[in-house]
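Got a predicted structure plus its sequence, pasted below:
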Amino acid sequence: MNIAQGLVHARRVAGTREAVVCGSTRYTWEEFDQRTDALARGLAGLGIQRGDRVAVLMLNCHRYLELYYACARMGAVIVPLNIRLARPEIVFILNDSESKVLVVDKAFAPHATGRDTFPTVENIIYIGDDKTPDGMMNYEDVVSKGSHMQESVDQAMEDDDLSGLYYTGGTTGRAKGVMLSHKNVVSNAVNVVIAAAYNEKDTYLHAAPMFHLADTASTFAITMVGGRHAFVPMFNPEAVLQVIQQEKVTVTTLVPTMINMLLNHPHVDNYDLSSLRRLTYGAAPMPVELLKKGLAKWGQIFGQGYGLTEAAPLLTGLDTWDHIPDGTPEQMQRLSSVGREIPCVEVRVVNVDGEDVQPGEIGEIIARGPNIMLGYWHMPEATAAAIVDGWLHTGDLATVDEANYIYIVDRAKDMIISGGENVYSIEVENALYTHPAVLEAAVIGIPDEHWGEAVHAVVVLKPGMQASAEELINHTRTQIAGYKVPRSIEFFTEALPKSGAGKILKRTLREKYWVGQSRNVH
């Protein structure tokens, strides 16, 4: 399997049809194929070879899609960077991945200063119509130079050749690079085509960030069927509504917080969204009441996808026909599930002995299939802990019903999902502990109507020292990405509750915030 095969197919079956629309830029599949070929040659002209890493830090754009396919064609490994990371986190990933090229747009060019802090990066490519900053080269110049090169750089890739490194927050306090092969990505794309019934008449809107697997889950699938890609730089309710109406968007993927913003936008009813046939949500649990509101306004266009980066990412789906606005109690109950396993992937919920749980019992979700990652970059022990006997252990706790619908009830991993972004508490705790007044710190997720979960810190200060919540919040902001920064802090005057083994009992800290909730994720 080779990611680039999907582009070859699109060119053959839909060559003269529009492939991308990004602002005023429009290309057919033939033109898009030519640009990715020229970009691949241009990267090769910079010394990029098969297996070299190309890091990308930019907003959504047709050029992001070009980078995905140019890297795939030449066998380079793309490293999509989370645009919300703090600069120290970005520097860590550049160094850990040993990226040779960094691509930035105008919004993130300031992160590319201090070249000595990421010495493996040999070239920085700038995307922007204004003057290219000193020390960088312009993206379109790279494409132009590549278009004049004669020798093809397309590679015949093997199934398990690495296609991308997708970094996730680490429970050990450092980000982990998830290694996804060409087979992982292509098999996921096939699964998505089947699950979402994508076809050549579809226009997919990239509204979720393109570094995130929630969006990438559909990126390669839409190309595979010769559909059309539309883009907004980043999620903005008004811009999304405008593009859906203008380009007659048929499918898109949003996290629940985005859907909430659209539903509550004061001008939402001024736009014609009748072209939408499927709105996939994922990356965070969907509040059932919000889902009911969406069904009442837009009808049965909702579909859910559950997965994780390590699965490229899709594992289960709750299809549109399961989203019944006024169904039976059983049907309404299923709105709180993540659906059932998708084709070509095995998903089980097992107890500590590895046996399938019975309905009502709680166990861990495990999965296996061609979409499961190769492992974690340079982390064999973490890989061995995550993939046991061929089964990926997700760390998500769930139960099942008689029809094999899966219901997530909690997370075994110490992770918070806020606005669709994974926040590992230890990263936040590490930042808090760098403040001289902090003696103990525990970070938990608490219910939040807007973000799903909010990052909340419980802190014990050192005797005789003082620090306000505002001071600690501002301190962590210098250490970690903004979305990881605590939104609230409470202070304990005594030691935090601990187990007999000396571990802080976070479940005890969480209890008072989750009283009355039907599940311990929000």
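Cool, got the structure. Computed from a prediction, not measured in an experiment: that's the story for all the values here.

all strands of the stretch 351-500 of the chain, in order?
Secondary structure of the stretch 351-500 of the chain by DSSP state E, counting those that start in this stretch: the strands cover 363-368, 375-376, 387-388, 391-400, 406-411, 415-418, 421-424, 438-448, 452-461, 488-492.

Would you format the ones you listed as TSV with mean pLDDT, distance to Leu290 and mean neighbour count included?
(Glycine included, C-beta is placed from N, CA and C.) Converted to TSV, the strands of the stretch 351-500 of the chain look like this (pLDDT from 0 to 100; distance: least, CB to CB, whole Å; neighbours: other CB atoms under 10 Å):
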stretch	mean pLDDT	distance to Leu290	mean neighbour count
strand 363-368	96	23	21
strand 375-376	98	34	21
strand 387-388	98	34	15
strand 391-400	94	21	21
strand 406-411	84	16	19
strand 415-418	84	15	22
strand 421-424	82	18	22
strand 438-448	91	13	21
strand 452-461	94	10	22
strand 488-492	96	22	15
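
what would these look like in a markdown table with distance to Glu30?
Shown next, in a markdown table, are these (distance: least, CB to CB, whole Å):
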| stretch | distance to Glu30 |
| --- | --- |
| strand 363-368 | 38 |
| strand 375-376 | 37 |
| strand 387-388 | 41 |
| strand 391-400 | 39 |
| strand 406-411 | 43 |
| strand 415-418 | 41 |
| strand 421-424 | 37 |
| strand 438-448 | 47 |
| strand 452-461 | 42 |
| strand 488-492 | 53 |
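
Could you list the residues in contact with the lowest-mean-pLDDT helix or strand in the chain?
When each helix and strand of the chain is scored by mean pLDDT, DSSP states H and E, strand 421-424 comes last, with a mean of 82. Contacts to strand 421-424, defined as CB atoms under 8 Å, 6 or more residues apart in numbering, come from residues 82, 84, 168-171, 283, 413-417, 445, 455, 483-484.

tell me which of these is nearest to Asp322?
Ala283 (18.8 Å; CB to CB).

thinking again about what came up before, CA atoms only for the least confident helix or strand of the chain - export them in PDB, please.
What follows is strand 421-424, C-alpha atoms only, in PDB (Å, rounded to 0.1, in the frame of the first residue of the first chain):
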ATOM      1  CA  GLU A 421      -7.100  18.100  22.400                       C
ATOM      2  CA  ASN A 422      -5.400  15.500  24.600                       C
ATOM      3  CA  VAL A 423      -3.900  16.900  27.700                       C
ATOM      4  CA  TYR A 424      -1.800  14.500  29.800                       C
END
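
What about Glu341, how many residues nearby?
20 (other CB atoms under 10 Å).

Hmm, I typed the wrong one, I wanted Ala296.
Neighbour tally, Ala296, other CB under 10 Å: 11.

and if you look at the one 3 residues further on?
Using other CB under 10 Å, Gly299 has 14 neighbouring residues.

For it, list the residues it contacts.
Applying CB under 8 Å, 6+ apart, the residues contacting Gly299 are Pro325.

pLDDT score for it?
On pLDDT, Gly299 comes in at 95.

residue boundaries of the strands in the stretch 1-150 of the chain?
18-22, 25-28, 53-57, 77-80, 101-105, 123-127, 137-138.

Show me the one of those strands that comes nearest Asn2.
Closest among the strands of the stretch 1-150 of the chain, using CB to CB: strand 77-80, at 13.7 Å.

Mind giving me the packing neighbours of the closest one?
strand 53-57, helix 62-74, strand 162-168 (3 or more CB pairs under 8 Å, 6 or more residues apart in numbering; DSSP states H and E).

Quick one: closest of the strands of the stretch 1-150 of the chain to Arg340.
That would be strand 77-80 among the strands of the stretch 1-150 of the chain, by CB to CB, at 29.0 Å.

who touches Asp33 in this structure?
7-8, 10-11, 15.

Now which of those residues would you call buried?
By neighbour count, with 16 or more other CB atoms under 10 Å, these hold 7, 10-11 as buried.

quick one: average confidence on the host helix or strand of Ala189?
For Ala189, the host element (DSSP states H and E) is helix 182-196. Averaging pLDDT along helix 182-196 yields 96.

So which bits of that helix are buried?
Result for helix 182-196 [16+ other CB under 10 Å]: buried residues 182-193, 195-196.

What is the distance between it and the centre of its chain?
16 Å (CA atoms, centre = their mean, to the nearest Å).

Tell me the helices and strands packed up against that helix.
helix 3-14, strand 162-168, helix 213-224, strand 302-307, strand 314-318.

so how far is the first one off the chain centroid?
Averaged C-alpha coordinates place helix 3-14 at 24 Å from its chain's average position (CA atoms, centre = their mean).

Tell me what angle it forms with helix 62-74.
Orientation check (axes from the mean of the first three to the mean of the last three CA atoms, to 10 degrees): helix 3-14 against helix 62-74 gives 110 degrees.

And the third one, by the same measure?
Relative orientation of helix 213-224 and helix 62-74, computed by the same axes, to 10 degrees: 70 degrees.

between helix 213-224 and strand 314-318, how many degrees?
90 degrees.

what residue ranges in the stretch 51-200 of the chain score low on pLDDT?
170-173 (pLDDT under 70).

One more pass at 50, please.
For the stretch 51-200 of the chain, applying pLDDT under 50 flags the ranges 171-172.

re earlier: which of the contacts of Asp33 lies at the shortest distance from Leu162?
Nearest to Leu162 among the contacts of Asp33, with distances taken as CB to CB, is Leu7, at 18.5 Å.

Indicate which one of the strands of the stretch 351-500 of the chain is closest to Gly135.
Closest to Gly135 of the strands of the stretch 351-500 of the chain is strand 421-424 (CB to CB; 31.0 Å).

ok now do Phe491, which residues does it touch?
458-461, 469.

Next up, the contacts around the closest residue to Met224 other than its chain neighbours.
Excluding its sequence neighbours, the residue lying closest to Met224 (CB to CB, 6 or more residues apart in numbering) is Gly6, at 4.0 Å. The contact partners of Gly6, taken as CB under 8 Å, 6+ apart, are 186, 189, 220, 223-224.

Verify the stated contact: Ala311 with Ile365.
No - taking contacts as CB atoms under 8 Å, Ala311 lies outside contact range of Ile365: 10.2 Å.
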